[in-house]
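Visitor: Here you go, sequence then predicted model.
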Amino acid sequence: MRCSASTFYSGGEITHLWCAWLCSVRVGSTTIVLHAPQERNIESVKEVWQLATEPGFLVYTCLIVILVAVLIFRYVPRYGQAHMIVYVGICSFMGSLTVMAVKAVGIGLKLSFEGKNQFKYCETWVFTLVVTFCRLLQVNYLNKALDTFNTAVISPVYYVMFTTFTIIASMIMFKEWDSKDAADIATELCGFVTILSGTFLIHKTKDLGKSPSVRSPVFTSPDLNPSPNSISR
């Protein structure tokens, strides 16, 4: 948000369009939070491991790994410097897996602090390794994207893609949406569309207030006293 806001500073003032974007993002986020599905009560990291090893999430994980591998080994050398979607795609895809692994590690820490040690299970350390690997990969390619392209362009696109794939991964892994009715799901989608609209607004108006420099034409007055040499010619 801070990076995107910097694109709207013109002469020390923030335009009203940036305020509209901020309001739309906050309204959309509040709508999603208020109608978010209730988290299930998990008593062990092994329960999270069972959810992560179910066929649905395994298929999703394999697809993400294949897509990231194709982007890294095929498209980054060819199109990485020209198309930001290559770098942003890698960060967003791996980000969805990172969030799921971080959630598992967070549950393990919470239960461990309550007296139920979860670090005696190898599954907890597997989730920790996944978090470390995915996070390092994200930071690497996000830095490349920020070094190559404008931050004002990277921020909204990354925000939208990261949020989208994180929601998809959470729906597949935790199945928290099974208990929600159609009205709540529709409200969640409306909140998400509101965030997308605000992000699109800030992306399309990032150059507002930056008037292009137009060079004024130079007019030369005709020579009223021509030299004798020019007359003879």
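Guide: That came in fine, so what should we check first?

Visitor: Nearest spatial neighbour of Cys134, chain-adjacent residues omitted?
Guide: Spatially, and ignoring its direct neighbours in sequence, Cys134 is nearest to Thr98 (4.2 Å; Cβ to Cβ, 6 or more residues apart in numbering). (C-beta placed from N, C-alpha, C; glycine too.)

Visitor: Relative to Trp49, how far out is that neighbour?
Guide: 17 Å (Cβ to Cβ, to the nearest Å).

Visitor: Could you list the low-confidence segments of the protein?
Guide: Counting by pLDDT under 70, the ranges of the chain that qualify are 1-18, 20-22, 36-40, 176-180, 201-233.

Visitor: all helices of it, in order?
Guide: When assigned using DSSP state H, the helices of the chain occupy the ranges 2-5, 16-34, 45-52, 55-70, 76-79, 84-113, 122-148, 151-174, 182-204, 228-232.

Visitor: deepest of those helices, which one?
Guide: Comparing the helices of the chain by mean neighbour count (mean count of other Cβ atoms under 10 Å), helix 84-113 comes out on top with a mean of 21.

Visitor: on contacts alone, who are the packing partners of it?
Guide: Counting contacts by 3 or more Cβ pairs under 8 Å, 6 or more residues apart in numbering; DSSP states H and E, helix 84-113 packs against helix 45-52, helix 55-70, helix 76-79, helix 122-148, helix 151-174.

Visitor: Just want the angle from that helix to helix 151-174.
Guide: Angle, helix 84-113 to helix 151-174, by axes from the mean of the first three to the mean of the last three Cα atoms, to 10 degrees: 50 degrees.

Visitor: Could you work out the end-to-end span of stretch 27-46 for me?
Guide: The straight-line separation of the ends of stretch 27-46 (Cα to Cα, to the nearest Å) is 36 Å.

Visitor: Residues contacting that stretch, please?
Guide: 48, 104, 107-108, 111, 116, 118, 121, 123-124, 127, 174, 176-177, 179-180, 184, 187-188, 190-196, 198 (Cβ atoms under 8 Å, 6 or more residues apart in numbering).

Visitor: if you set the cut-off to 6 Å instead, what comes out?
Guide: Stretch 27-46 is contacted from outside by 107-108, 118, 121, 123-124, 176-177, 180, 184, 187-188, 191, 194-195, using Cβ atoms under 6 Å, 6 or more residues apart in numbering.

Visitor: What of stretch 114-130?
Guide: Identification of contacts with stretch 114-130 by Cβ under 6 Å, 6+ apart yields 45-46, 49, 101, 104-105, 108, 111-112.

Visitor: can you put the helices and strands packed on helix 84-113 in TSV and add distance to Cys23?
Guide: Putting those into TSV (distance: least, Cβ to Cβ, whole Å) gives the following:
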stretch	distance to Cys23
helix 45-52	36
helix 55-70	33
helix 76-79	36
helix 122-148	27
helix 151-174	16
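
Visitor: Out of those, which gets nearest to Phe93?
Guide: Closest to Phe93 of those is helix 55-70 (Cβ to Cβ; 4.9 Å).

Visitor: and that closest one, what does it pack onto?
Guide: Counting contacts by 3 or more Cβ pairs under 6 Å, 6 or more residues apart in numbering; DSSP states H and E, helix 55-70 packs against helix 84-113, helix 151-174.

Visitor: Save these as CSV, and put in distance to Asn41 too.
Guide: Formatted as CSV, the helices and strands packed on helix 55-70 follow (distance: least, Cβ to Cβ, whole Å):
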stretch, distance to Asn41
helix 84-113, 10
helix 151-174, 12
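
Visitor: With respect to Val59, which of these lies nearest?
Guide: helix 151-174 (8.5 Å).

Visitor: The closest residue to Asp184 other than its chain neighbours: neighbouring residues, count only.
Guide: Spatial nearest neighbour of Asp184, chain neighbours left out: His35 (4.9 Å); criterion: Cβ to Cβ, 6+ apart. Residues within reach of His35, counting by other Cβ atoms under 10 Å, total 17.

Visitor: No further queries at this time; thank you.
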